[in-house]
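> no FASTA, just this:
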Ligand code: DAH
């Protein structure tokens, strides 16, 4: 029995050293230390030995069991460490590589333009006055001299809601009424930036949602000269100090007189090119002196007060400034377009 144990021990140690993977190691464990392993069976068979042989054989078998168990664990640890090192070497992390820059977002070009406009007017003492996108018919139209069923309504195709008299504002001009009612009886200068909506075919030139920036000045002795000076200063800061402006008579129900403002084409400087459709001029906004009836609707006595107003589209401003060819690019979420304005 003792020789048999001796032989088993030597064989087990030899085989253990040859086990080169965790699978082979497990096979070894089953062969020697498992429930039907050689050492386990030897331990169990001790009871069948003659009584005088039992103590020595028992001691020897227990010692061997212990030695092999320890050897097995040491071998397992070594194999696990080797596997880990192999894995680390294969998936090596090269700490010298430069890091990856996280992608930074940019402000939307409409937002940037809105801010630029607001900044220029802030320098001239204009506050930003917030006004709602959901309006009532009264404020969006009637108080601006656009009665129900009047042909002037054709200028604004409208999204109505299911609630009678409630609509998505078609322009920022209703904010004029709200601003006047807010500031009355003080003189004031505000811009009203925000989104507008029109029930129109979406094309290269028109979107159903877009921004406008309305401007309104109300006070005593406000003249068309003030309007011209203000807009000239704006246009030169926005489009370059050498810009020439042209005030073209026009019609809006809420201003009298009304005008549209053109700048000399920023591409051809008035010579004529595809950008200005060979006219030499680019339209940038509508404006005028606040109609006496509109002043009155805002609470101001038109015999004592006067004012001017203007309205422009920042998308249009950006289109002109950057030569953008399609207004639909603004709201189609194509990052290749948007990221250019970083
Ligand atoms: N509300 C006009 C539009 O959407 C733009 C406009 C024109 C605004 C003249 C004004 C103005 O304040 O005086 O077409």
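That came through, no problem. Owing to the predicted nature of the structure, the values given are computational and were not obtained by experimental measurement.
> roughly how far does the closest residue to the ligand within the stretch 1-150 of the chain sit from residue 254?
Residue nearest to the ligand within the stretch 1-150 of the chain: residue 144 (8.1 Å; CB to the nearest ligand atom). All C-beta spots, glycine's among them, are computed from the backbone N, C-alpha and C. According to CB to CB, to the nearest Å, residue 144 and residue 254 sit 4 Å apart.
> hey, what's in contact with both of those two?
173, 176, 294 (CB atoms under 8 Å, 6 or more residues apart in numbering).
> restricted to helices, list these.
Among those, the members falling in helices (DSSP state H) are 176, 294.
> mind putting the shared contacts of residue 144 and residue 254 in CSV, neighbour count, pLDDT and distance to residue 46 included?
Putting the shared contacts of residue 144 and residue 254 into CSV (neighbours: other CB atoms under 10 Å; pLDDT from 0 to 100; distance: CB to CB, whole Å) gives the following:
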residue, neighbour count, pLDDT, distance to residue 46
173, 30, 98, 105
176, 31, 98, 107
294, 25, 98, 113
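> restrict the shared contacts of residue 144 and residue 254 to contacts with the ligand.
residue 173 (CB under 6 Å from any ligand atom).
> contacts only, for the closest residue to residue 168 other than its chain neighbours.
Distances taken as CB to CB, 6 or more residues apart in numbering place residue 197 nearest to residue 168, at 3.8 Å, with adjacent residues excluded. Applying CB under 8 Å, 6+ apart, we find residue 197 in contact with 133, 159, 168-170, 208-209.
> turn the residues you listed into CSV, including secondary structure and distance to residue 39.
Converted to CSV, the contacts of residue 197 look like this (DSSP: H, G, I helix; E, B strand; the rest coil; distance: CB to CB, whole Å):
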residue, secondary structure, distance to residue 39
133, coil, 84
159, coil, 87
168, strand, 86
169, coil, 90
170, coil, 92
208, coil, 84
209, strand, 82
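> compare those and tell me which is most surrounded.
Using other CB atoms under 10 Å as the neighbour criterion, residue 169 leads the contacts of residue 197 with 26 neighbours.
> OK, contacts around that one?
132-135, 140, 194, 196-197.
> neighbours of the residue nearest to residue 212 when sequence neighbours are not counted, just the number please.
In this structure, residue 212 finds its nearest non-sequential neighbour in residue 172, 4.2 Å apart by CB to CB, 6+ apart. Number of residues near residue 172 (other CB under 10 Å) recorded here: 26.
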